[in-house]
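> Would you be able to build a 3D model of this:
(one chain, ligands or ions: 2)
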Amino acid sequence: MENRRNIIMDGDPGIDDAVALALAAAHPEAFKLLAFTTVTGNQTIEKVTENARRLVEFYGLDIPVAKGSVIPILRKIETASDIHGSNGMGNVVIPEAVRPLASDNAVLFLYEMIRDLPEGEKVTLVPTGPLTNIALLFRVFPEVKERVEEIVLMGGAAFGGNVTSTGEFNIYEDPEAAAIVFESGLPIVMCGLDATNLCGIDRETAGRLAGEKGSICKAVGEMVQFYLNGPAYSDKPYASIHDAVTYMYLLHPEIFQTRKMPVSVDCSEGMNRGMTVCDTRKWSYQEEPTTTVLLDADSEKFQEYLVDAVYELDRRLAK
Ligand code: RIB
Ligand code: CA
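Numbering: from 1, shown residues only. Ligands and ions are numbered 1, 2, ... in the order given. Next up is the predicted model:
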């Protein structure tokens, strides 16, 4: 499988982070998952790290987990217990992990893993939480940027927000970190709310998954049902699985509409804190922008491919 992409996931599981990892784990032909590093976001660092350790084993992945930033660079911690539950996984309990934590310093861990990649190889970073770890990595070890192929992140929006009318959670939580990442000069794919709000699992499908005998289908179904019954989706036909759009874009870019444009982050304290300002004025920049923004998605195809992947992972692990 020579054309597999080296992947390091950095996230805050988190229901949609958990489902995103299942999608990635179901596609070993496309992704060589190297590690999972955790960051405070949906829940505290202790909870998201415990969840990450359990998830990698639950999905049959033999990869290290490293604990990352406890607090955003400047801002206060604001978790999302109401959306993701007190344990961060919709209060769904999966088996405890056996493998110990690989490191309690994700920034150093990321540096050493990227530095030690086989010669000529690069890594794709897939952040699905606040960008604190990635920003600190680039500040402490700027030389690793040469080994980063691209960053495919869930965050931001060309229009709108969820925490506020213009702030999306991952950027809003740590806008300074996001600014550092968007100013890194690296190729970035921004999987923002313009596309991720259209990408989800509907009530009927969540119910079907929750009723399955397979442990992964059942866990995913129950987590999504928690989402659907919570404040964010109780009045909607489906729950957005925001973070899974990262891997779905890498697998099926054809189901998304994209546009390259410069993106900068509002780091003010005001009403637009964490806004990703997407510059659509083609005349305003000479060089080709390095950021690709997802602007639309095929909701049906997204759900079809994602649910197929969850069933496939269950089938494979049941063997
Ligand atoms: O705004 C959605 C994002 O915030 C997702 O990554 C979700 O897991 C939360 O972290
Ligand atoms: Ca997340």
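
> Just give the nearest non-adjacent residue to whichever residue of the stretch 101-250 of the chain sits closest to ligand 1, would you?
Nearest residue of the stretch 101-250 of the chain to ligand 1, counting by C-beta to the nearest ligand atom: residue 169, 3.5 Å away. C-betas here are computed from N, CA, C, even on glycine. Among residues not flanking residue 169 along the chain, residue 163 sits closest, at 5.1 Å (C-beta to C-beta, 6 or more residues apart in numbering).

> cool, and residue 218?
Nearest to residue 218 is residue 212, by C-beta to C-beta, 6+ apart, at 5.4 Å.

> swap in residue 265?
residue 179 (4.2 Å).

> Now that neighbour: which helix or strand?
Per DSSP states H and E: residue 179 is located in helix 175-182.

> Report all helices and strands that that helix contacts.
Helices and strands touching helix 175-182, by 3 or more C-beta pairs under 8 Å, 6 or more residues apart in numbering; DSSP states H and E, are helix 132-140, strand 263-265.

> Reformat these as TSV; add mean neighbour count and mean pLDDT.
TSV is the format used below for the helices and strands packed on helix 175-182 (neighbours: other C-beta atoms under 10 Å; pLDDT from 0 to 100):
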stretch	mean neighbour count	mean pLDDT
helix 132-140	23	98
strand 263-265	22	98
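
> and the ones you listed as TSV, adding distance to ligand 1?
Below are those laid out as TSV (distance: least, C-beta to the nearest ligand atom, whole Å):
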stretch	distance to ligand 1
helix 132-140	12
strand 263-265	15
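
> Can you convert the ones you listed into CSV and add a column each for distance to ligand 2?
As requested, the helices and strands packed on helix 175-182 are arranged in CSV below (distance: least, C-beta to the ion, whole Å):
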stretch, distance to ligand 2
helix 132-140, 12
strand 263-265, 17
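
> out of those, nearest to residue 60?
Within the helices and strands packed on helix 175-182, the stretch nearest residue 60 is helix 132-140; the backing value is 24.8 Å (C-beta to C-beta).

> and the closest one with helix 175-182, angle?
60 degrees (axes from the mean of the first three to the mean of the last three C-alpha atoms, to 10 degrees).

> For residue 131, give me its contacts.
Listed by C-beta atoms under 8 Å, 6 or more residues apart in numbering, the contact set of residue 131 reads 39, 153, 155, 170, 171, 174, 177, 178, 180, 181.

> Write out the residues of this structure neighbouring ligand 1.
Proximity of the chain to ligand 1, by C-beta under 6 Å from any ligand atom, involves residues 12, 14, 16-17, 41-42, 128-129, 154, 162, 168-170, 242-243.

> now, which of the residues you listed lie close to ligand 2?
12, 14, 17, 128, 129, 243 (C-beta under 5 Å from the ion).

> wait, doesn't the fourth one sit right on residue 16?
Yes. Under the criterion of C-beta atoms under 8 Å, residue 128 makes contact with residue 16 at 7.4 Å.

> joint contacts of the two?
Shared contacts of residue 128 and residue 16, counting by C-beta under 8 Å, 6+ apart, come down to 154, 242, 243.

> wait, what's in contact with the last one?
Right, residue 243. Neighbours of residue 243 in contact, by C-beta under 8 Å, 6+ apart: 11, 14, 16, 17, 19, 20, 128, 154, 196.

> List the contacts of the residue lying closest to the second one once chain neighbours are set aside.
The reference is to residue 14. Excluding its sequence neighbours, the residue lying closest to residue 14 (C-beta to C-beta, 6+ apart) is residue 42, at 3.9 Å. For residue 42, the contacting residues are 12, 13, 14, 15, 17, 48, 79, 80, 83, 84, 88, 129, by C-beta under 8 Å, 6+ apart.

> what phi and what psi does the backbone show at the fourth one?
Read it as residue 15. phi -60, psi -50 (degrees, to the nearest 10).

> and it, how many neighbours?
28 (other C-beta atoms under 10 Å).

> ok, now residue 308?
Neighbours of residue 308 using other C-beta under 10 Å come to 12.

> Report the buried residues of the host helix or strand of it.
Using DSSP H and E, residue 308 sits in helix 299-318. Within helix 299-318, the residues scored as buried using 16 or more other C-beta atoms under 10 Å are 299, 302, 303, 305, 306, 307, 309, 310, 311, 312, 313, 314.

> picking up where we left off before, what's the distance between the residue nearest to residue 218 and residue 290?
42 Å (C-beta to C-beta, to the nearest Å).

> Now, the ones next to ligand 2 among the residues of the chain next to ligand 1 that are in helices?
residue 17 (DSSP state H).

> Appreciated, that's everything.
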